[in-house]
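K.L.:
Below are the sequence and a predicted model; questions follow.
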Amino acid sequence: MTAYIISGLLVGFLVGLTGVGGGSLMTPLLVFLFGFAPKTAVGTDLLFAAITKTGGTFVHHRSHRSVEWKIVLQLGAGSIPAAVTVIYLLENVFKKDESVTSLITLTLGIALIFTGLALFLRRRLARKSPVQRLTHRERFGRWQVPLTVLTGLILGVLVTLSSVGAGALGTVTLLFLYPRLATVRIVGTDLAHAIPLTAVAGLGHLHMGNVDFNLLGSLLIGSLPGIYLGSHLSARIPERLLQPILASVLLLIGAKCVF
């Protein structure tokens, strides 16, 4: 149990420091270091994410008013049905443990590779929009809503299968779709969307028996002080040094899962 608490502390610290890395670090850690089955790691991490992200969303909504609820609803219109569909398929179509494990491991690898690439792109996309507004401006006209819903659908599939993607991938996609939206609002909107998505996906995995509550409790005990410490140190350590390292680690782990 102590090792799980320390892992939660480490991942929480990195999340507080960089704003990224919850699912993308926790799930591989549980699979490769502690030997948990991929489905148990994913299910436990999804509920872990739903709980920890709730506090962050509360701060963004109450203190910064930085959640674009219209965009959250559009993303959810794609992600929630996708999550429910994936859970149904896992429970009723991919019934053999071997097929579920292979599917989750492959998806985890792909999601980690995309997340690593997204971290390299995030700063570039953010720099391309020096003039930002408090409210979003549609970039693709009448295609804006369908593209946002499609983004939610893709995130719903990836997150439900791998627990990875709600953070870095969601943020980068929103930066691309809404380039003039202030960064704080991008982060707040992405966090708000992640809560119902991870909660629905996590409850689905719970119904399948893929959640370890002892592990979940230990991770939460460690992660809360870790996030607090990381958040306070984030201003002292340059993000330009940390994110390339984190991105490279995710690319290596993703490649290991896929190949």
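P.N.:
Done, it's in. Everything numeric in this text was worked out from a predicted model, so none of it was measured.
K.L.:
can we go C-alpha only for contacts and neighbour counts from here?
P.N.:
Noted.
K.L.:
any low-confidence regions in the stretch 151-259 of the chain?
P.N.:
Residue ranges of the stretch 151-259 of the chain with pLDDT under 70: 231-232, 234-240, 242.
K.L.:
Now do the helices in the stretch 151-259 of the chain.
P.N.:
168-177, 183-207, 213-233, 239-258 (DSSP state H, counting those that start in this stretch).
K.L.:
Give me the contact list for stretch 30-40.
P.N.:
Identification of contacts with stretch 30-40 by C-alpha atoms under 8 Å, 6 or more residues apart in numbering yields 27, 41, 100-101, 104-105, 205, 210-212.
K.L.:
Make a markdown table out of those residues and add neighbour count and distance to Leu73.
P.N.:
Formatted as a markdown table, those follow (neighbours: other C-alpha atoms under 10 Å; distance: C-alpha to C-alpha, whole Å):
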| residue | neighbour count | distance to Leu73 |
| --- | --- | --- |
| Thr27 | 26 | 27 |
| Ala41 | 26 | 28 |
| Val100 | 19 | 30 |
| Thr101 | 16 | 31 |
| Ile104 | 23 | 27 |
| Thr105 | 24 | 29 |
| His205 | 24 | 23 |
| Asn210 | 19 | 28 |
| Val211 | 24 | 27 |
| Asp212 | 15 | 30 |
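K.L.:
which two from the residues you listed end up farthest apart in space?
P.N.:
Greatest spatial distance among the contacts of stretch 30-40 (C-alpha to C-alpha): Thr105 and Asp212, at 18.4 Å.
K.L.:
In CSV, list the contacts of stretch 30-40 along with distance to Thr189.
P.N.:
Below are the contacts of stretch 30-40 laid out as CSV (distance: C-alpha to C-alpha, whole Å):
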residue, distance to Thr189
Thr27, 23
Ala41, 26
Val100, 31
Thr101, 32
Ile104, 27
Thr105, 28
His205, 25
Asn210, 28
Val211, 27
Asp212, 29
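K.L.:
Among those residues, pick out the one closest to Arg142, please.
P.N.:
Once C-alpha to C-alpha is applied, the member of the contacts of stretch 30-40 that ends up nearest Arg142 is Ile104, at 34.8 Å.
K.L.:
I'd say the closest one and Leu161 touch.
P.N.:
Yes: between Ile104 and Leu161 a contact is recorded at 5.5 Å, counting by C-alpha atoms under 8 Å.
K.L.:
What are the buried residues along the helix or strand containing Val149?
P.N.:
Per DSSP states H and E, Val149 falls inside helix 144-162. Buried residues in helix 144-162, counted by 16 or more other C-alpha atoms under 10 Å: 144-145, 147-162.
K.L.:
Now for the residue most central in space within the chain: which residues touch it?
P.N.:
For the chain, the residue nearest the mean C-alpha position is Ala166 (2.9 Å; C-alpha atoms, centre = their mean). Ala166 makes contact with 155, 159, 190-191, 194, according to C-alpha under 8 Å, 6+ apart.
K.L.:
and the gap between it and Ser24?
P.N.:
Taking C-alpha to C-alpha, to the nearest Å as the measure, Ala166 falls 9 Å from Ser24.
K.L.:
How about Trp143?
P.N.:
From Trp143 over to Ser24 the distance is 30 Å, taken as C-alpha to C-alpha.
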